[in-house]
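Trainee: From the sequence below, what's the structure:
(one chain, ligands or ions: 1)
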Amino acid sequence: MSMEFKEYPDREMLALSVADRIAGQLGQHLRTSPTASLCVPGGTSPIPVFETLSGADIDWDRVTIFLGDERWVDGEHKRSNGRLLRRHLLRDRAAAASHIDLYTGDERPEDAADALSQRITEHLPITVALLGMGNDMHTASLFPGGDRLAEALASDAPPLMAIHAPGAEEPRLTLTRPVLSKAIHLHLLIMGPEKREALERAQKLDPLEAPIRAFLDAATVHWAE
Ligand SMILES: O=C(O)[C@H](O)[C@@H](O)[C@H](O)[C@H](O)COP(=O)(O)O
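Mentor: As a prediction, this is how the structure comes out:
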């Protein structure tokens, strides 16, 4: 399979369309399966998608939602991805979904990785995974220069790993390549010219230099200026 690239006239259309597509794929899956899973990114780009998606008319009580990565800060910290999720996605109709919180309060993400890996395993393969990307071509918390990047990109990586990287402000917990790349539906959401250039650069690089590269063959990329 090769990357599908969808360009939208503006960011609002992008958010509406991505939310609609995700809701459609979850709803379709729930017609033939008792449950579905949704993995979403942190950062700022997905907020408008979350706000539309949270009102979608699907059986949210059969959906489990988790982040693709968490920043190891308290759940009320402004950099917490969990906080973002609680404020913008786990509300309205989507408040009925189950949520696996990746921040456990343990001192280090290493202390939480194994138990959370087991919980995530119960929800694999991920039905729909939405990824974001930084200008440095990281996705989830798979950062170029990350201390355990090669392990996290390996086909036998556990579902979740702790990672420390110069480009990340705090220690992180991240889903790894095998679980993200095997999602039934995989989407990448990016906005602005810098990210489009970064994506073009990534296509010519190795995943160790450009971790997003590991997902491009299977992903639908959604972009707006
Ligand atoms: O916690 C994180 O840092 C993310 O999950 C990360 O992978 C994010 O998706 C990109 O950094 C894009 O972030 P923005 O949407 O804020 O540009």
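Trainee: The lengthiest strand in the chain - contacts with which helices or strands?
Mentor: Longest strand of the chain, by residue count under DSSP state E: strand 185-191. When contacts are defined as 3 or more CB pairs under 8 Å, 6 or more residues apart in numbering; DSSP states H and E, strand 185-191 packs onto helix 11-32, strand 128-131, helix 213-216, strand 220-224. Glycine gets a C-beta too; all of them are placed from N, C-alpha and C.
Trainee: Of the ones you listed, flag the one that's most buried.
Mentor: Comparing the helices and strands packed on strand 185-191 by mean neighbour count (mean count of other CB atoms under 10 Å), strand 128-131 ranks first with a mean of 26.
Trainee: Can you give the distance of it from its chain's centre?
Mentor: Strand 128-131 has its C-alpha centroid displaced from the chain centroid by 5 Å (CA atoms, centre = their mean, to the nearest Å).
Trainee: L84: which of the helices and strands packed on strand 185-191 is closest?
Mentor: With CB to CB as the criterion, L84 lies closest to strand 128-131 of these, at 13.0 Å.
Trainee: any idea of the mean pLDDT for the next helix or strand after the closest one?
Mentor: Per DSSP states H and E, the first helix or strand lying C-terminal to strand 128-131 is helix 149-153. Helix 149-153 shows an average pLDDT of 98 in the prediction.
Trainee: And stretch 26-33, by the same measure?
Mentor: When pLDDT is averaged along stretch 26-33, the result is 98.
Trainee: Ok, stretch 186-204 next?
Mentor: On average, stretch 186-204 scores 98.
Trainee: same check, this time on stretch 73-88
Mentor: For stretch 73-88, the mean per-residue pLDDT is 97.
Trainee: Would you mind listing the residues in contact with H123?
Mentor: For H123, the contact set (CB atoms under 8 Å, 6 or more residues apart in numbering) comprises 35, 37, 64, 66, 100.
Trainee: ChimeraX command to pick out the buried ones of those residues?
Mentor: Burial among the contacts of H123 is assessed by 16 or more other CB atoms under 10 Å; the matching ChimeraX selection reads:
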select :37,64,66
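Trainee: Run through who's touching stretch 173-181.
Mentor: Against stretch 173-181 from outside (CB under 8 Å, 6+ apart): 39, 68-70, 72, 102-103, 109, 112-113, 116, 120, 124-126, 129, 131, 139-142, 152-163, 186, 207, 214-215, 218.
Trainee: Mind giving me the PyMOL command for buried ones among the residues you listed?
Mentor: This is the PyMOL syntax for the buried subset of the contacts of stretch 173-181, where burial follows 16+ other CB under 10 Å:
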select buried, resi 39+68+69+70+72+102+103+109+112+113+116+120+126+129+131+139+140+141+142+152+153+157+158+159+160+161+162+163+186+207+214+215+218
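Trainee: can you pull the buried residues of the helix or strand following the longest strand of the chain?
Mentor: Downstream of strand 185-191, the next assigned helix or strand under DSSP H and E is helix 193-202. Within helix 193-202, the residues scored as buried using 16+ other CB under 10 Å are 195-196, 198-199, 202.
Trainee: Any stretches of this protein with poor pLDDT?
Mentor: 1 (pLDDT under 70).
Trainee: Mind doing that once more with 80?
Mentor: 1-2 (pLDDT under 80).
Trainee: Show me which residues of it are close to the ligand?
Mentor: 41-45, 68-69, 71, 81, 132-134, 138-140 (CB under 6 Å from any ligand atom).
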